[in-house]
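Participant: Provided below are the primary sequence and the corresponding predicted coordinates.
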Amino acid sequence: MVATSGVVLDLGWLAVLDNTDSPSSPNHAVVGGATKSPTQQDAIYRGVMADPVGSGLADLLLFAEHLVVHEFFIIDSLAFQARLGRIPLEITDYVIRKEPDLSVYTEASKAVIALTKELEAAATESEALKQLRKELSPDGSSPFWSGADKRLHDHMERSGGALRLVASAASTGGDTLSRALFYLEFSRRQGDVALLGPGKRKWLQLIGHAMEASMHELIAKKFDDKLQADLKSMVPTAFSTTQVTTPPVAELVLRTAIAQGISILDAAVQIRESADAQAYRALLGQLRSQMTINRATRMEATRLLAALDDTATLWAKHHDTLMGITHQKRELSWEKIPLIGDILKAAGMSKTEIRDRILNPQPGHLAFISRWYRRPD
């Protein structure tokens, strides 16, 4: 069986994706004619990224990144059945529905109680503590952690008639702090990370927790750190604090959408189906599998990650992300040529760097990573 990489999808994302068909949706922010001129592409990019958070584009791009780099999304099937909404057609084929085991609810509820005690011990009362008390209260809007709700979960496995009752409970994917902790536990049991929607991410930020980084995010950071390291020494101080906060594949999706005049999700699916993106997802699946089996396989994963680090170092040294993809560089020395060699050596011209073209370059994970740092073809 081929190892795969997935992400647990918070149903809060469906609110972000519900209106992607609308012309006013950020999904259609750059739909129009193809834009061939790099200058025009850059102008459009700056325009749509002027306020990515306020326009909702930042959230959609984050989702698009995960759509490209993960083989599938896992959703809570019980909650999805109870929720009024739909899965956008663009991602239907990549969704797996799973029923959380009752132990997920039990462990998540323990996390809620533990966090409540931790916050109660703090010197000042936080907004997170107020929210948790509201959610834990029998009179609150979220009865998810009550014994009755757990019994309802059991009943849902035997009777579809209970689904109407759950439509108003927190188990339908409401943006509560309790539900955010549920998704962290659900993803841990699946062996994958959770992709929380904007409503739940704000709660984690409030309590000082961060979403666990996926293997893709660790690789992306490795390459970004290496390839961007020289910027501070090469540009004026006024630009030294400028940071690129859009994830690399999200940026590739947006640049592709602009160049072709298509929607964000259409661009994401197009990139996802490319041979090099498939090879990259296969790498993530391989690493995910190797990291969870035994010491020998973890060493194999270490060697793969070390090879990626070597590639990032090589690209950074030559400022060239196509090395090893379309060409190799080698150095010719003229020093041993009689007479001419001595003259060239004295002039500091005895060595020449040339490019050897790679015949029939093959798609692969490095070719995909290289695309993060280049304009769309």
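Facilitator: Happy to help now that I have it.

Participant: name the SS class of R288, please.
Facilitator: The three-state assignment at R288 reads helix, by DSSP: H, G, I helix; E, B strand; the rest coil.

Participant: that one and M215 touch, don't they?
Facilitator: Yes. Under the criterion of CB atoms under 8 Å, R288 makes contact with M215 at 6.0 Å. No exception for glycine: its C-beta is placed from N, CA and C like everyone else's.

Participant: shared neighbours of the two, anything?
Facilitator: Listed as contacting both R288 and M215 by CB atoms under 8 Å, 6 or more residues apart in numbering are S5.

Participant: tell me the pLDDT of A108.
Facilitator: In this model, A108 is scored at 75, pLDDT.

Participant: what does A210 give?
Facilitator: 67.

Participant: what of P38?
Facilitator: 90.

Participant: what's the burial count for it?
Facilitator: Around P38 there are 10 other residues, counting by other CB atoms under 10 Å.

Participant: what's near enough to touch it?
Facilitator: R375.

Participant: tell me the domain ranges of this structure?
Facilitator: For the chain, automatic domain parsing gives the domain ranges 6-97+214-299, 101-206, 327-360.

Participant: weakest of those in terms of mean pLDDT?
Facilitator: Of all these, domain 327-360 carries the lowest average pLDDT, namely a mean of 60.

Participant: list the helices and strands whichever strand or helix holds K110 packs on?
Facilitator: Here K110 sits within helix 102-120, counting by DSSP states H and E. Secondary-structure packing of helix 102-120 (3 or more CB pairs under 8 Å, 6 or more residues apart in numbering; DSSP states H and E): helix 127-136, helix 147-156, helix 177-190.

Participant: how about the helices in the stretch 251-377 of the chain?
Facilitator: Using DSSP state H, counting those that start in this stretch, the helices of the stretch 251-377 of the chain run over 264-272, 275-290, 295-318, 340-346, 365-371.

Participant: rebuild those helices as a markdown table, extending it with distance to T256 and mean neighbour count.
Facilitator: Listed next are these as a markdown table, based on distance: least, CB to CB, whole Å; neighbours: other CB atoms under 10 Å:
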| stretch | distance to T256 | mean neighbour count |
| --- | --- | --- |
| helix 264-272 | 4 | 23 |
| helix 275-290 | 11 | 19 |
| helix 295-318 | 21 | 14 |
| helix 340-346 | 45 | 13 |
| helix 365-371 | 9 | 22 |
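
Participant: quick one: closest of those to V193.
Facilitator: Closest to V193 of the helices of the stretch 251-377 of the chain is helix 275-290 (CB to CB; 10.1 Å).

Participant: next up, the contacts around the closest residue to A213 other than its chain neighbours.
Facilitator: Distances taken as CB to CB, 6 or more residues apart in numbering place V193 nearest to A213, at 7.3 Å, with adjacent residues excluded. V193 sits next to V7, V8, S187, M211, E212, A213, S214 when contact means CB under 8 Å, 6+ apart.

Participant: what about burial for these, which qualify?
Facilitator: Neighbour counting by 16 or more other CB atoms under 10 Å classes V7, V8, S187, M211, S214 among those as buried.

Participant: save the residues you listed as a markdown table, and put in secondary structure and distance to H66 too.
Facilitator: Below are those laid out as a markdown table (DSSP: H, G, I helix; E, B strand; the rest coil; distance: CB to CB, whole Å):
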| residue | secondary structure | distance to H66 |
| --- | --- | --- |
| V7 | strand | 5 |
| V8 | strand | 11 |
| S187 | helix | 13 |
| M211 | coil | 11 |
| S214 | coil | 8 |
